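> Below are the sequence and a predicted model for it; my questions follow.
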Amino acid sequence: MSSNKRSRQTSSRVLKGSPSLHRPPKLKHTISLDVNGKVHSVEVEQRWTLAEVLREELRLTGTKVGCNRAECGVCTVSMDDTPVFSCTMLAVEAEGRRIETIESLSGPQGLHPLQDAFIKFDAVQCGFCTPAILMSLKVLLDFNPSPSKEDVKRAIEGIYCRCGAYPNIIEAALNAASVQRSCAGHGQTRAPTSR
Amino acid sequence: MAKPEPRLLVKGKPPSPLDRELSIIGKEIDRADALEKTTGEAEYTGDIKLPHMLYAKCLRSPYAHARIKRIDPARAEALPGVRAIIHKDNCPGWRTYWYLIPQAAFPEFVSYVGQEVAAVAADDLDTAQKALELIEVEYEPLPFLLDADQAVKPDAIFVHPLDEADPTCRRAPSAPPVGNIYNGAPDIFRRGDLERGFAEADVIVEETYTTSFQYHATLQTRCAIADWNGQVLTVFDSGQGVWNAKLNLSKSLGLPLDQVRVITKNMGGGFGSKAAAQRYAHYAAKLAMLAGCPVRLELTRPEEFISHPHRFSAKKWLKIGAKKDGVLTAVQGKGLVNLGVGSTYGNQGVKLAEHPFALYECPNAYVEVYGVYTNSQLTGYMRSVMRVMSNFFLESHMERLAAALNMDPLTLRLRNYTLWGDQQKKIPYSAKNLDRCMHLVCEAIGWPRRKELTESNRRTHIKRGIGMASYIYDGTGADPYDANADVVIRNDGSVELLAGVVEIGGGQSTILPMIVAEELGVNFDRVRINYGDTEGTKYAPGTHSSRLTAEMGPAVLQAAAEARQKLFTVASLMLDARADDLRSENDMIYVKNDPSRRIPFEQACEALGPGGQVQGSGSRAPNPSNIVLRTFGAQAAEVEIDVETGNVQVLRVASAHELGKALNPKLCVSQHHSGIIMGLGYALLEDPAFDSKTGSLLNPDLHQYRMPTSLETPEIIAYNVEAEDPYFAYSAKAIGEATMVATPAAIRNAIYHAAGIWLNSLPMTRDRVLEALYPR
């Protein structure tokens, strides 16, 4: 029973106020991360992933981690207008790049057409993959305002949705694209950024 | 005309009827939680950080079967930052509970690769991981068995299952296993005279079918955060039932019920795998109580694969006899279910038996089902756990019979149609429109095209086929029939539904408030729901087995109707009418015969006075025994098979499910999609492989355990088939799980139609397709 005794002695609520996934960095790097239009100065260790820093340090928990090794895709964020798996991208590699997460998808003018369409077409079930799929589709629509069904399928093939919401996701994406096109015709939305 | 007896399954006074057209139920209202899920605001357990929180990890057995001779955590304990370690020597006799099934937390014998041997809580994950490496364990490896075929033999070694017998727990074995056989005996279902039935048959077909394990692979990895403040244990779980988790944790830790609170606000997929508190949550709780700090225990993706209870695998031999005209004369089946080291098998044998025993009319039937323990991980619930297997067995076999009789498979199924829920005792179903479902899907898929396709297939290596299957499913409530809800109307006009249920992604937090809004005659947005928390709610079933609508529906309806009638009593004074003569709709309360006499809902609430409120309560009654309550459905699939590569592409699936009433048709259609896509994965892709030398799972990852992606998604045509069933709230029964039941069989039968091969094992991988096409 030594462990019990010992843990009672050593544990105390003042030990550690702010829990952290990792030990405090031994080799500290201070990097600046451009996330959702704001530059953050973060102290990291080289091995920390972008997903960890987004979730643990910046507390942007909309980005999920389902496998931590680029298998499931639910950690997808947009980096310089390209979808990337943030669980296999080191935070230090993301320095100087423009990162967008689900938290930035809706703006002052309201929800993004994709979010509206996801709600309307019931493209959300458990919601765990939803941020990743939305960010992937956002990049698609930014560059391809008139995607085909096949384009949409290809854009999200790297992200699992175990609830199997794919049919509604595809329908919602096509609908959002057409809404965005008609809004763009009226000058109501950001013009797609060019590479 | 005499009023029909109220049959809604509630305890106590039946609710006063609504007596008007429905205005909310049946509408395609957007999911209540969709907004927070599309903005990333929805909080899942893994997103929570509590002050002073520790991180925990489990040490797992590298052996499929071993005795722990010695465990020494001294070096790990000495590591700075380690706060608590639990293992068999410091937790003797401690049990975890899973649906109240007792299991030793740290037994002397470990029975599968990945079983927990110790758990550590430390300041951070790195330290916890390092501590695991410092725990010294001396194992005595033992021989192990992965296959039920071997484990069932009388001279087989004992595999040391984790489940312990408990006659008071319905889901636990009632007696210790004999050999490795669950309860020591098979479940047997029989009627009529089998021998006579086969003697009368013109054609007899027999065949053996097998299925593999299927992993839920929920995208959220399991996570529990436990916080013990000296009085109350709060567990942020990621399970499907907060109340069931509370009962288990309370029993395991010896805490009174009011000292355990379980919260699950959002969960990233369950599919049955998180049906009640599992071992990880117990470990987190124990560590938190020892360390005096909150403890977070989250599994990694490989740990998910090795430690969560996956779908049973089964093998079934079937023999069916029929007359020349297709009328069945005898059905015989013998099933063997691989339970791994432990499972929630208790009530499952009947579900494996029901398809052969009850889907078609046949006077003579005999089915026996053995549950067998092996060293292949934990097994348990998964989306229509037994039914999808038994449907694959039976509906594959019916196809075979149709071929032997040279009969259209749809005609054969309709010829043996039955309306009896119990064919022996002649007890009917409360509702059954399976024939309608079959016609709908066959029409949608273009059943008559089967002949043309057979013709055109001769000229190409890419062949198309159409197949179908029909099914029976429950989703009508189950033991212990305990479902409770409260509805509170406050003087500020707000309405709150208190329901201790979990939103699993099926839309539970949307449809239950819809019932309240309908019964109160208020707009949907007015109703808030307090869910996913045992605090402030009464016992409610876990969101699994597609039981929520059927069980909570009547309870919520009763609670809302009672609250409404109480408010009507107040409003009746204001409207100078009898409360019984009042109705409400669109936020207005009015006199039935003179709707111009009306007051806004809020005005009636104001009359409750400062701080005033009315409350209604509802509780579900057990299912009656004089009627059989089920849901039914059919699916038809069109596939394309490349006979050169063995690749099968599912092009279209038509699905019709008789659910009583679609409370929210849009959400129901989403469940058709879900079930079919998961069924497609089970049918064609998901193929776990075990190493026979070590007993370990070789593909515990999402690259090699392949699931359907957007690219495999077929076109889906969905029908919600409605039919009156007075036992349920607005007739609403289940849909979620049922929609995958027939998918594998429909695909399999379509493959036969396309390429003329009988595939009797799931998954029907390319290897198996090629093997069947070109037998060696």
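On my side now, so go ahead.
> C-alpha from now on. contacts and neighbour counts both.
Noted.
> report the longest helix in the chain, please.
No chain in the question, so chain A it is. For chain A, the longest helix by residue count, based on DSSP state H, is helix A:166-185.
> looking at chain B here, not the other one
If you go by DSSP H, chain B has its longest helix at helix B:548-575.
> Buried ones in that helix, by neighbour count?
Residues of helix B:548-575 classed as buried: B:548-572, B:575 (neighbour count, 16 or more other CA atoms under 10 Å in any protein chain shown).
> if we can go back for a sec, can you list the helices and strands that the longest helix of chain A packs against?
helix A:113-120, helix A:149-155, helix B:665-680 (3 or more CA pairs under 8 Å, 6 or more residues apart in numbering or on different chains; DSSP states H and E).
> All the helices of chain A, residue numbers only.
A:2-10, A:50-52, A:113-120, A:130-143, A:149-155, A:166-185.
> JSON lines for the ones you listed, including mean pLDDT and mean neighbour count?
Putting these into JSON lines (pLDDT from 0 to 100; neighbours: other CA atoms under 10 Å in any protein chain shown) gives the following:
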{"stretch": "helix A:2-10", "mean pLDDT": "36", "mean neighbour count": "16"}
{"stretch": "helix A:50-52", "mean pLDDT": "97", "mean neighbour count": "25"}
{"stretch": "helix A:113-120", "mean pLDDT": "98", "mean neighbour count": "23"}
{"stretch": "helix A:130-143", "mean pLDDT": "98", "mean neighbour count": "25"}
{"stretch": "helix A:149-155", "mean pLDDT": "98", "mean neighbour count": "17"}
{"stretch": "helix A:166-185", "mean pLDDT": "94", "mean neighbour count": "20"}
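> mind giving me a markdown table with those helices and columns for distance to A:Met89?
Shown next, in a markdown table, are the helices of chain A (distance: least, CA to CA, whole Å):
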| stretch | distance to A:Met89 |
| --- | --- |
| helix A:2-10 | 36 |
| helix A:50-52 | 6 |
| helix A:113-120 | 26 |
| helix A:130-143 | 15 |
| helix A:149-155 | 19 |
| helix A:166-185 | 26 |
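> so which of those comes closest to B:Ile445?
helix A:166-185 (17.7 Å; CA to CA).
> Walk me through the domains of chain A.
A:26-101, A:113-185 (automatic domain parsing).
> so B:Ala226, which of the three states?
strand (DSSP: H, G, I helix; E, B strand; the rest coil).
> burial count for it?
30 (other CA atoms under 10 Å in any protein chain shown).
> Next, work out how far apart it and B:Pro294 are.
The spacing between B:Ala226 and B:Pro294, counted by CA to CA, to the nearest Å, is 5 Å.
> Can you work out which residues contact both of the two?
In terms of CA atoms under 8 Å, 6 or more residues apart in numbering or on different chains, B:Ala226 and B:Pro294 are both contacted by the residues B:Ala288.
> quick one: buried residues of the helix or strand where B:Leu394 lies?
According to DSSP states H and E, B:Leu394 maps onto helix B:387-405. Going by neighbour count (16+ other CA under 10 Å), the buried part of helix B:387-405 is B:387-402, B:405.
> Show me which positions of stretch A:47-59 end up buried.
A:48-57.
> just curious, which of those is nearest to chain B?
Chain B lies nearest to A:Arg55 out of those, by CA to the nearest CA, at 7.8 Å.
> What is the neighbour count of the closest residue in space to that closest one that isn't next to it in sequence?
Of all residues not flanking A:Arg55 in the chain, A:Thr61 sits nearest, at 4.8 Å (CA to CA, 6 or more residues apart in numbering or on different chains). A:Thr61: 24 surrounding residues under other CA under 10 Å.
> A:Thr61 touches B:Lys37, doesn't it?
No. Using CA atoms under 8 Å, A:Thr61 is not in contact with B:Lys37; the gap is 11.7 Å.
> hmm, back to that, ok now the helix holding B:Leu394, how far from the chain's centre?
23 Å (CA atoms, centre = their mean, to the nearest Å).
> How about stretch B:59-78?
Offset of stretch B:59-78 from its chain centre (CA atoms, centre = their mean): 34 Å.
> how many neighbours does B:Asp237 have?
For B:Asp237, using other CA under 10 Å, the count is 33.
> Dig out what the residue nearest to it when sequence neighbours are not counted forms beta bridges with.
Spatial nearest neighbour of B:Asp237, excluding adjacent residues (CA to CA, 6+ apart): B:Ala224 at 4.6 Å. For B:Ala224, the beta-bridge partners under DSSP bridges are B:Leu297.
> list the contacts for the nearest residue to B:Cys605 once chain neighbours are set aside?
Among residues not flanking B:Cys605 along the chain, B:Asn491 sits closest, at 4.4 Å (CA to CA, 6+ apart). Neighbour list for B:Asn491: B:602, B:605-613 [criterion: CA under 8 Å, 6+ apart].
> of those, buried ones?
Among these, those classed as buried by neighbour count (16+ other CA under 10 Å) are B:602, B:605-608, B:613.
> What about those residues, which are in strands?
Among those, DSSP state E puts B:Gln613 in strands.
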